[in-house]
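Undergrad: Would you be able to build a 3D model of this:
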Amino acid sequence: MIQQDLCIGAPRFPSTVDQDAPDALQIWRRALGTQPLDALAAVGGDFAIGLTLSDGRTLLAVDRFAVRTLCWRIVDGRLRYAERADELADERHELDPQAIFDYLYFHAIPSPRTVFQGIFRLPPGHALLFENGQ
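TA: Below is the predicted model of the structure:
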């Protein structure tokens, strides 16, 4: 299974970004340029992205309030990501007892934890850069 790039939400890009592209993925690639982590600081609005960069690294990022969520796990040294944790879970994933306690006590499961062991959610305003299996 090949991981597809993902971009959801309504990002607001700086005026310096050329937004005349046929799809959102191309606009994101232009906006991120050669310094993707620095460029993310200038993007506003609500968004979650998962992109394979031109150098082969994978970038995951969510907006400052995590209006859009992005969950991830590592399978055989490869990064997998999706909007929801249950999309990444399989029959081997057990429920996380601490996450269940957190949900019952706080009425929420704080990130980076999800209800499944081994599947994580990006905290608000965070990015993950994945390369060489790490």
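
Undergrad: Secondary structure class of Pro14, three-state.
TA: Put simply, Pro14 is coil when judged by DSSP: H, G, I helix; E, B strand; the rest coil.

Undergrad: Could you give the number of residues near it?
TA: Close neighbours of Pro14, defined as other Cβ atoms under 10 Å, add up to 11. Every residue, glycine included, has its C-beta placed from N, CA and C.

Undergrad: so what pLDDT did Thr16 get?
TA: With respect to pLDDT, Thr16 has a value of 75.

Undergrad: Kindly list the main-chain dihedrals of it?
TA: The phi/psi pair for Thr16 (degrees, to the nearest 10) reads phi -80, psi -10.

Undergrad: same thing with Phe120?
TA: Note on Phe120: its backbone torsions stand at phi -120, psi 160 [degrees, to the nearest 10].

Undergrad: So, low pLDDT: which residues of this protein?
TA: By pLDDT under 70, the low-scoring segments of the chain are 1-2.

Undergrad: how about the helices in it?
TA: Secondary structure of the chain (DSSP state H): helices at 24-32, 36-40, 97-106.
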